[in-house]
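In: following is a predicted model, sequence given first.
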Amino acid sequence: MDGDSHRAPPPDPAAYGNCFGCAPGNVRGLRLTFRHDEAGRISTDVCLGRDFESFPGIIHGGIVATVLDEVLARASLHACRLPSMTVGLRLRYVKATRTGQPYVAIAEVQSRDGDLVRLTGRLESATDGLVAVADATFMLLDPARMDAARQGLPEETLESFKRYMREVT
Ligand SMILES: CC(C)(COP(=O)(O)OP(=O)(O)OC[C@H]1O[C@@H](n2cnc3c(N)ncnc32)[C@H](O)[C@@H]1OP(=O)(O)O)[C@@H](O)C(=O)NCCC(=O)NCCSC(=O)Cc1ccccc1
């Protein structure tokens, strides 16, 4: 990944576990960091190199989806103060996302209906304008649902959720 300016490590890196999107210790991950504005929008700067290509010079669509999923997850957490999981994600790839170019991904909550949170996100740059837009549904994980979500998963998952909550809310 190119560009390091937005990668200040969080106070407790362990809180992010090994998350592909945001864990500072995952050297193969995106190591995204986030900021928020007064309106509750969350954004992250991203500039990806050729390891993330599909066609030469073009970022793989799955990676674009990952960047948006990650910023959407953070927007849900920031607004609702509960961890959540993606249960729906729809993308429109408007233009190719290019390697070595700086972009910003921005997400915001549109509505909440019980445990379901609807959000929108976009990826854009000063030179290319809008390159991708996302509509997403996240499900908030109360303790019971968290238990359901981690069925069959290692014990460390719950601990990781707890650390993550402490760190990012
Ligand atoms: C545990 C749960 C989320 C929910 O299971 P349960 O508790 O059994 O709940 P149930 O399925 O019963 O649904 C309840 C109600 O909700 C409804 N409904 C559901 N979906 C939709 C919809 N799309 N649209 C509309 N409605 C929907 C459903 O019909 C039902 O309605 P009903 O009550 O019948 O009227 C399970 O689906 C799961 O594990 N999914 C895998 C998730 C996963 O792996 N995600 C990827 C990893 S996370 C990630 O990467 C992001 C991240 C990054 C970084 C950091 C943090 C996060």
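Out: Good, I have the coordinates.

In: so where's this structure shaky on pLDDT?
Out: 1-15, 149-153, 157-158, 161-162, 164-169 (pLDDT under 70).

In: quick one, strands of it?
Out: For the chain, the strands defined by DSSP state E occupy 35-36, 42-46, 84-93, 103-113, 116-125, 129-140.

In: what's in contact with the second one?
Out: To tie it back to what came earlier, the one meant is strand 42-46. Contacts with strand 42-46, where a contact means Cβ atoms under 8 Å, 6 or more residues apart in numbering, come from 1, 3, 5-6, 30, 32-37, 67, 70-71, 74-75, 78, 102-108, 123. C-beta: built from backbone N, CA, C; applies to glycine.

In: near the ligand, from the residues you listed?
Out: Filtering these for neighbours of the ligand using Cβ under 6 Å from any ligand atom leaves residue 70.

In: got the phi/psi numbers for the residue nearest to residue 59 when sequence neighbours are not counted?
Out: Nearest residue to residue 59, sequence neighbours excluded (Cβ to Cβ, 6 or more residues apart in numbering): residue 97, at 4.1 Å. Reported as degrees, to the nearest 10, the phi and psi values for residue 97 are phi -90, psi 130.

In: show me what contacts residue 97?
Out: The contact partners of residue 97, taken as Cβ under 8 Å, 6+ apart, are 48, 58-59, 64, 103, 123, 128, 131-132.

In: so which residue is dead centre in the chain?
Out: Residue closest to the average C-alpha location in the chain (Cα atoms, centre = their mean): residue 70, at 0.9 Å.
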